[in-house]
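>>> What follows is a predicted protein model with its sequence.
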Amino acid sequence: MAPSCGTGNHPSSLIPRLFIRRLGSIKAGESLSQECDDSNFQVLDFPGGKVNFSSELRFLSESPLERISCYRVLDDYGQIISASNFQQVRKEIALKMYSDMVTLQTMDTIFYEAQRQGRISFYVTTIGEEAINIASAAALSIDDIVIPQYREPGVLLWRGFTLQEFANHNFGNKYDSGKGRQMPVHYGCNKLNYFTVSSTIATQIPHAVGVAFALKMDKKNACAITYFGDGGTSEGDFHAALNFAAVMEVPVIFFCRNNGWAISTPTTEQFRSDGAVIRGQAYGIRSIRVDGNDALAVYNAVHAAREMAISECRPILVEALTYRAGHHSTSDDSTKYRPLDEIEHWRTARDPVSRYRKWIEGNGWWNDEVELNLRSNVRKELLQAIQAAEKTEKPALAELFTDVYDQVPSNLREQEKLLRETIKEHPGDYPPDVPV
């Protein structure tokens, strides 16, 4: 039997401890019933914050009654929905955004073909996600530190990474900043504040929180931003990172590319919650859902997120709804698990590049002649970069053992010695273009 408020006798074992403490604080001449009427008694002064009591047995709903809405600026035809819901983008920024989106699209097409020809070993495209790459990058400062996944080369492109540098990396030649040690598309650039990509899903998310914590301690006017897919939110790293960021109050933007598929696993088989945006709210993080195929919406959301992250020193989560119109990678055939008409619909009707082009054309900033020149020049420059990268020799064998220790330890020196002896004994089993 549960204890009830009144003046009757109650076995002490039935009286909650908090109730007993309150009994001890009753003043002379004050009745127990008066104490029960005290509004303060209806609040639990819990260490984590005050919580109201309720006599209603009610569980939280397993899912919200309505899905979180999605912020957008442009409709499917490139028309502004409302002039009051976005910050104007300067003409030069707007045109660079489009130029880089086209460049990224062209780069994906040509490098994908190069992989299919056997000229590079692997590639990942960003087809259908160009707006996420370029528009988010445009909203950041060069001082902001990027901790990417493998589908954000457009951020690096925006920051000034050249087509020749992209080609050098994918061919793993001696001019590759990673010295040929990484798989293709695992870019990195220290001077552009772009951390080297790691294939392991979601491990970059806690790293971003650590970077943001360092920015906070150093009182830098900058934030960290980390990108990940919907599949990454199913990893423990995601949850640990969000909790860490919220508790430590660090300036970090969590950018979730929710493209509906974690390789071949649809979101319906990953989680029952309303995407990633509701998860940010659960950790006490200000969050927004945005149309990831709307370049202006992405730009505005990230611009506002950056301002809040830095000025208020808080984490922000942005969930961008988009679609991976290409295969997951060159190791994947997405037609095995996705209907062709679904892929074609997103590739054409919801193409972010075409939608954004309609907007800049509507402003009188673009036309067919400029479009033709841009695509022709980008393709020509990229093909020249690939030819140069392909002809350039690979990094020297000794580079396999550098950049980890200040002084190379004896076990690595022994490994290098054994490797050289093996190559000398079996030269046909090793690439002839690697200087020994």
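That came in fine, so what should we check first?

>>> who touches residue 251 in this structure?
By Cβ atoms under 8 Å, 6 or more residues apart in numbering, the contact list for residue 251 reads 212, 215-216, 222-224, 309-310, 313-315. C-betas here are computed from N, CA, C, even on glycine.

>>> pLDDT score assigned to it?
The model reports residue 251 with a pLDDT of 98.

>>> State the phi and psi torsions of it.
Main-chain dihedrals, residue 251, degrees, to the nearest 10: phi -80, psi 90.

>>> if we can go back for a sec, for the contacts of residue 251, please prepare a markdown table with the additional fields pLDDT, secondary structure and distance to residue 44.
A markdown table is the format used below for the contacts of residue 251 (pLDDT from 0 to 100; DSSP: H, G, I helix; E, B strand; the rest coil; distance: Cβ to Cβ, whole Å):
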| residue | pLDDT | secondary structure | distance to residue 44 |
| --- | --- | --- | --- |
| 212 | 98 | helix | 33 |
| 215 | 98 | helix | 37 |
| 216 | 98 | helix | 32 |
| 222 | 98 | coil | 40 |
| 223 | 98 | coil | 36 |
| 224 | 98 | strand | 36 |
| 309 | 98 | helix | 33 |
| 310 | 98 | helix | 36 |
| 313 | 98 | coil | 29 |
| 314 | 98 | coil | 27 |
| 315 | 98 | coil | 28 |
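
>>> Neighbour count and distance to residue 179 for the residues you listed - can I get that in a markdown table?
Shown next, in a markdown table, are those (neighbours: other Cβ atoms under 10 Å; distance: Cβ to Cβ, whole Å):
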| residue | neighbour count | distance to residue 179 |
| --- | --- | --- |
| 212 | 30 | 28 |
| 215 | 23 | 28 |
| 216 | 18 | 33 |
| 222 | 20 | 28 |
| 223 | 29 | 30 |
| 224 | 29 | 26 |
| 309 | 26 | 34 |
| 310 | 19 | 34 |
| 313 | 17 | 37 |
| 314 | 19 | 38 |
| 315 | 32 | 34 |
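
>>> Looking at those residues, which is nearest residue 398?
residue 224 (34.0 Å; Cβ to Cβ).

>>> Kindly provide the distance from the closest one to residue 240.
Remark: distance between residue 224 and residue 240 (Cβ to Cβ, to the nearest Å) = 16 Å.

>>> And residue 199, by the same measure?
Taken as Cβ to Cβ, the span from residue 199 to residue 240 is 19 Å.

>>> still on that earlier bit, could the contacts of residue 251 be laid out in TSV, adding distance to residue 99?
Shown next, in TSV, are these (distance: Cβ to Cβ, whole Å):
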residue	distance to residue 99
212	31
215	30
216	35
222	26
223	26
224	27
309	28
310	28
313	34
314	33
315	32
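
>>> ok, the residues you listed vs residue 392, which is closest?
The closest of these to residue 392 turns out to be residue 224 (Cβ to Cβ; 33.5 Å).

>>> right, and the closest one touches residue 252 too?
Yes. Residue 224 is within contact range of residue 252, at 4.6 Å (criterion: Cβ atoms under 8 Å).

>>> Can you point out the buried residues in the longest helix anywhere in the chain?
Determined from DSSP state H, the single longest helix within the chain is helix 91-116. Using 16 or more other Cβ atoms under 10 Å as the test for burial, helix 91-116 gives 94-95, 97-108, 110-112, 114-115.

>>> Kindly report the same for stretch 54-69.
residue 68.

>>> That one - what's its average pLDDT?
For stretch 54-69, mean pLDDT rounds to 84.

>>> again with stretch 143-162
pLDDT averaged over stretch 143-162 gives 98.

>>> Over to stretch 232-240?
Stretch 232-240 comes out at a mean pLDDT of 97.

>>> Put the alpha carbons of it into PDB.
This file holds the C-alpha atoms of stretch 232-240, laid out as PDB (Å, rounded to 0.1, in the frame of the first residue of the first chain):
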ATOM      1  CA  GLY A 232      27.600   6.400 -38.100                       C
ATOM      2  CA  THR A 233      24.800   7.200 -35.600                       C
ATOM      3  CA  SER A 234      24.500   3.500 -35.000                       C
ATOM      4  CA  GLU A 235      28.000   3.400 -33.600                       C
ATOM      5  CA  GLY A 236      28.800   3.900 -29.900                       C
ATOM      6  CA  ASP A 237      31.300   6.600 -30.900                       C
ATOM      7  CA  PHE A 238      28.500   8.900 -31.900                       C
ATOM      8  CA  HIS A 239      26.700   8.600 -28.600                       C
ATOM      9  CA  ALA A 240      29.800   9.000 -26.500                       C
END
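
>>> Can you give me the domain boundaries for the chain?
91-391, 398-429 (automatic domain parsing).

>>> low-confidence ranges in this protein?
Applying pLDDT under 70 to the chain flags residues 1-41, 64.

>>> Can you give me every residue that contacts the nearest residue to residue 325 once chain neighbours are set aside?
With Cβ to Cβ, 6 or more residues apart in numbering as the measure, residue 128 is the residue that lies nearest to residue 325, at 3.2 Å, once sequence neighbours are left out. The contact partners of residue 128, by Cβ under 8 Å, 6+ apart, come to 259, 293, 322-326, 346-347, 350-352.

>>> Filter the residues you listed down to just the ones in helices.
346-347, 352.

>>> Show me the helices in this protein, by range?
17-24, 32-37, 91-116, 130-138, 153-159, 163-171, 204-217, 236-248, 277-282, 295-311, 340-348, 352-362, 368-391, 410-425.

>>> Residue 206: how many residues sit nearby?
Using other Cβ atoms under 10 Å, residue 206 has 20 other residues around it.

>>> actually residue 377, not the one I wrote
Neighbours around residue 377, by other Cβ under 10 Å: 13.

>>> show me the contacts for it.
Contacts for residue 377 (Cβ under 8 Å, 6+ apart) come out as none.

>>> just residue 139 next, same as before
298-303, 306.

>>> cutoff 6 Å now
Counting by Cβ atoms under 6 Å, 6 or more residues apart in numbering, residue 139 makes contact with 299, 302-303.

>>> Now that we have these, can you turn them into JSON lines and tack on neighbour count and distance to residue 341?
Formatted as JSON lines, these follow (neighbours: other Cβ under 10 Å; distance: Cβ to Cβ, whole Å):
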{"residue": "299", "neighbour count": "25", "distance to residue 341": "31"}
{"residue": "302", "neighbour count": "27", "distance to residue 341": "32"}
{"residue": "303", "neighbour count": "17", "distance to residue 341": "35"}
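
>>> burial of the residue nearest to residue 100 when sequence neighbours are not counted, as a residue count?
Spatial nearest neighbour of residue 100, chain neighbours left out: residue 134 (4.7 Å); criterion: Cβ to Cβ, 6+ apart. Using other Cβ under 10 Å, residue 134 is surrounded by 30 other residues.

>>> Could you do residue 369 as well?
Residues contacting residue 369 under the criterion other Cβ under 10 Å number 8.

>>> Residue 216 versus that one, what's the distance?
Taking Cβ to Cβ, one finds residue 369 at 49 Å from residue 216.

>>> That's all I had, so thanks and see you.
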